[in-house]
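**Student:** Mind looking at a prediction? Sequence and model below.
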Amino acid sequence: MLLSAITFLPTVGALALLALDRGDEGRLRRVSLGVTATTFLVSCLLWIGFDRSQAGMQFVEQRAWVPAVGIAYHVGVDGISLLLILLTTFLTPLCLLAAETQITTRVKEFLIAMLLLETGMLGVFVALDLFLFFVFWEAMLIPMYLVIGVWGGPRRVYAAVKFILYTMAGSALMLVAILVLYYLNGRATGVYTFDYDVLVRLPIAPATQGWLFLAFALAFAIKVPMFPFHTWLPDAHVEAPTAGSVILAGVLLKMGTYGFLRFCLPLFPAAAVRFAPVIFLLALIGILYGAWVSTVQPDMKKLVAYSSVSHLGFVMLGLFALNPQGLVGGIIQMVNHGLSTGGLFLLVGMLYERRHSRLIADFGGLWALLPVFSAIFLFVVFSSVGLPGLNGFVGEFLILLGAFQASRIAAVCATAGIIFAAVYLLWMYQRVAFGEVRHGELRALPDLGARELLTLGPILILIVWIGVYPKPFTAVTEPTVAALIQTVRTKAGGGGLIALVAPRP
Amino acid sequence: MPPPLALDWMALAPVLIVTVTGFASLLLDATPAAPGGKGILAGVGVVGLGGAVLVSLVLWGRAATSFQGMLALDDFALFFNLVFGVATALVLLLSVGYLRRQGAELGEYYVLVLFAALGMMLMAGAADLLVIFLGLELMSLSLYVLAGFFRTRPRGNESSMKYFLLGAFAGGFFLYGIALLYGATGTTSLTRLGQALAAPGRGRDPLVHAGLGLLLVGFGFKASAVPFHQWVPDVYEGAPTSVAALIATGSKAAALAALLRVLVAMRAIEADWGTLLWALAVVTMTAGNLIALVQSKVKRLLAYSSVAHVGYMLVALAAGLAPGAPAVLFYLAVYSIASVGAFGVVLLLERGDGREEVSDVEEYAGLGARHPGLALLLTIFLLALLGMPPTAGFVGKLYLFSAAIGRGFIWLGVIAVLNSVVAAYYYLRLIVYMYMREPEGAPVEAACPPAAGLALAVCLWLTVQFGVWPGPVLVLAQRAVAPLLR
């Protein structure tokens, strides 16, 4: 029951908000904040109760839903999804906190959209039935679309429509692949089901695997986003309100990488091995291209947005190294990126609230004027760069360790990406925080308030915690990762596979 | 053989109830002192249709024929009775305030809607080609008149005229098809037709193919499949919106129901018509969606979208009856509810006082702020038409496409899902206007009379219920076609 409670608590909150008076904004905000904070606290029970020695699914709930066609309500958590669930429940209340001053119109609708969005995201991470997964995967798009389109920046409509059309186009083929998988399994075993546990045991012929892998991979690659499917990202991230950007970067992109881990690798291991070089190449291009494009951005938010392309390239590199270090590093880096990029978006948002500009050229010398802000900003920038002692280093180091075993050249190129990350982030920081105060208006800006410190504080704590003592975080993923690699290795080499047959009546 | 006039009255009950209600309404309308305006007629109609729905549920599982095998009263017919009954009752509820506001409140309207529903029920229950034709004509004639119900408006006249002329023409094709099939097999009974075609070599008779082709023209017209769809946007635009809703749901469902009956009889040559439907499906959904992209009037947009939906249903049918038929039944139920809902909201947003139609997409700008309730409802219905979970539209579309993919028609499935993405653009465009644009000019006035509110609430409830809990309806759809496919 715990997982369902966590997943649907935000929805219950959204329904409760419907009943409240739209004029009483304070109350609306308190209720939604309370609901999301409660969701986070309840999700901590997962962290406490999670059996770290076990590789399989835990907290499993399975109930028939549409038995006539083999659809079930089946949810569970393992070492891969646990951290992402916690990341989601952790970031959502912080986003609502940040939105307190930024979102002032149609507050009720905004809060409802954010709560429904949280249910959608959590559902994606817990679903173990492909139908259920797809329902959450698609349903989550609508609230995000509205968040970008209604409360976003000047080009919000374009960005929102581009975001949703890209994602839907990607997932359309995945739906076909899910159905093909359903029928392949049904023909082979006589049991027609969307159940993940059943489908994952199905041996599939390599050629068929290739097609299915590509169909799934397209959906996930758009979400990650991998080069060359990343063009929706800068628009969506820049136009979205801060809360939306944080959720987009922090959680939504992880749905793509999570999809690769949960579905592409175990369901189509032979194809995953076969296409790993392609993914490697695209990940490397993403790392370098993202970094270069970031370097020349005049707009801080856009810079952070492009840096996501680069960072997610690292994650993909780690995942498709297909060894324990790379995978664990990839999973940790997903969390790290959520924290550091989420933090950067929050900080840029706070700056924008004060100055109504995000252009780097409009700032300078903030170190002297806003010392607290500048210190925290520097801290998060360091985390994003991958300074040893902070969280980013742990993830990137593990990823490079894994990538090195898989391909030395790739590891060398990726290391260059880390250097470029230092270039674009530190250069941006230098121009914003150091130097002379060139704009008189900056002197009037207030430093961070208590609410803003409360928003950023938890992120800072985790940045240090993961950086200094990552063991609790790596330990929860390791058994699952080991089992996953085992599955991929045995299944990729197995014989007696099922071909994609197309019998016609 | 039963004696000629031994009628199974119980089996006929749903049809009889609607007939009696229709005549009763006619008489009631002629009574000078009908209290409470014409609204009472809508009430009578809803009660009658509700009765037909209830009786259909009670009769579920009983297979009977009447009129010497001309009319089949099996679960298939009963399922469609439910669809027609609910859809027509919703349309009646929506009509009450609408007609008054448009200054066209005449009693005939309600009577004609009931007779149209009766025609639909006869089509779904037909076991003989001639009964299909009779039902088709009864339904069509009622709808021709209803389409021109705003008789003082040029567009209303255009709508009715176009629908009538093209419809009569399509009816001619249909009748000629029946004649050819009769020539080939010597019967118009669907059962005997099936038996005749099952004989070796009979399926290759060119007369049979020509006959089936002509029937498909007739069905394609009524169901508005491309290239027989040209009438759709003009008729929807000029007809009262409530009538457009009925044409988009009831008459479409009736045409598909009868088409299914004919295809069942022609199962022996499934490979032939399968290919034909494949092509028809691709053309219909692609053309419907692409043309809908550039529409600037809401009603025309919905019209083309309704064309595309027929394409989706043909996708399932192209894969064969066994997987396709239950999917089509389920989808028709889901689509009808969402469609009536969408037209219902559009109807409430129309200006009154006899001015020409409004509903330019741009007039929906800012609707989310001015009428949050209506905007939310329309959003949910559009998302259902788009096939977004957790609405019923998603389950329906998944079921349709899975029918094709399960039979190995993977490319057809791919074309269909890509079409849904194209469709996303124009449905989302309306949502963009409602929530993300500021209004220009005078805002649209909208009042929601209680009857319409009730209808929309029912649509919302069913759209969500069938999406979150589709099991019962799914099973119902499967059971409805099972006896036919044995």
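**Tutor:** Here it is on my side, so go on.
**Student:** what helix or strand is the nearest residue to A:Leu116 once chain neighbours are set aside on?
**Tutor:** Leaving aside its sequence neighbours, A:Leu116 sits nearest to A:Pro143 (CB to CB, 6 or more residues apart in numbering or on different chains; 4.6 Å). C-beta: built from backbone N, CA, C; applies to glycine. Under the criterion of DSSP states H and E, A:Pro143 resides in helix A:141-151.
**Student:** Go through that helix and flag the buried ones.
**Tutor:** Buried residues in helix A:141-151, counted by 16 or more other CB atoms under 10 Å in any protein chain shown: A:141-151.
**Student:** And the furthest pair within these?
**Tutor:** With distances taken as CB to CB, the most widely separated pair in those is A:Leu141 and A:Trp151, at 16.1 Å.
**Student:** can you give me the helices in the stretch 201-350 of chain B?
**Tutor:** B:206-223, B:231-238, B:241-246, B:252-265, B:270-293, B:298-318, B:321-348 (DSSP state H, counting those that start in this stretch).
**Student:** Adding distance to A:Leu442, mean neighbour count and mean pLDDT, write those helices out as CSV.
**Tutor:** Output for these, formatted as CSV (distance: least, CB to CB, whole Å; neighbours: other CB atoms under 10 Å in any protein chain shown; pLDDT from 0 to 100):
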stretch, distance to A:Leu442, mean neighbour count, mean pLDDT
helix B:206-223, 66, 21, 92
helix B:231-238, 58, 24, 92
helix B:241-246, 57, 29, 94
helix B:252-265, 64, 25, 94
helix B:270-293, 47, 20, 92
helix B:298-318, 49, 27, 94
helix B:321-348, 50, 26, 94
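**Student:** out of the ones you listed, nearest to chain A?
**Tutor:** helix B:270-293 (6.6 Å; CB to the nearest CB).
**Student:** gap between that closest one and the chain center?
**Tutor:** 18 Å (CA atoms, centre = their mean, to the nearest Å).
**Student:** I'd like to know which elements it is packed against.
**Tutor:** Here helix B:270-293 touches helix B:206-223, helix B:298-318, helix B:410-436, going by 3 or more CB pairs under 8 Å, 6 or more residues apart in numbering or on different chains; DSSP states H and E.
**Student:** So is the second one next to chain A?
**Tutor:** It refers to helix B:298-318. No. On the criterion CB under 8 Å from any CB of the partner chain, helix B:298-318 is out of touch with chain A, staying 11.1 Å away.
**Student:** now the angle from that helix to helix B:231-238?
**Tutor:** Angle of helix B:298-318 versus helix B:231-238, following axes from the mean of the first three to the mean of the last three CA atoms, to 10 degrees, is 140 degrees.
**Student:** Packing partners of the helix or strand containing B:Leu377?
**Tutor:** Element membership for B:Leu377 (DSSP H and E) is helix B:372-386. Helix B:372-386 sits against helix B:321-348, helix B:367-370, helix B:392-406, helix B:410-436, helix B:450-468, with contacts defined as 3+ CB pairs under 8 Å, 6+ apart.
**Student:** Hmm, A:Asp235 and A:Lys162 touching each other?
**Tutor:** Yes. Assessed by CB atoms under 8 Å, A:Lys162 is found in contact with A:Asp235 at 5.6 Å.
**Student:** between those two, who's got more neighbours?
**Tutor:** A:Asp235 (23 against 18; other CB atoms under 10 Å in any protein chain shown).
**Student:** doesn't A:Pro154 make contact with the more buried one?
**Tutor:** No. Judged on CB under 8 Å, A:Asp235 makes no contact with A:Pro154 at a distance of 11.5 Å.
**Student:** Smallest distance to chain A belongs to which residue of the stretch 201-350 of chain B?
**Tutor:** Taking CB to the nearest CB, the stretch 201-350 of chain B has B:Gly320 as its residue nearest chain A, at 5.2 Å.
**Student:** List the residues that contact that residue.
**Tutor:** By CB atoms under 8 Å, 6 or more residues apart in numbering or on different chains, the contact list for B:Gly320 reads A:505, B:270, B:274, B:403, B:407.
**Student:** Would you check how far apart the fourth one and B:Gly194 are?
**Tutor:** Computed as CB to CB, to the nearest Å, the B:Ala403 to B:Gly194 distance reads 22 Å.
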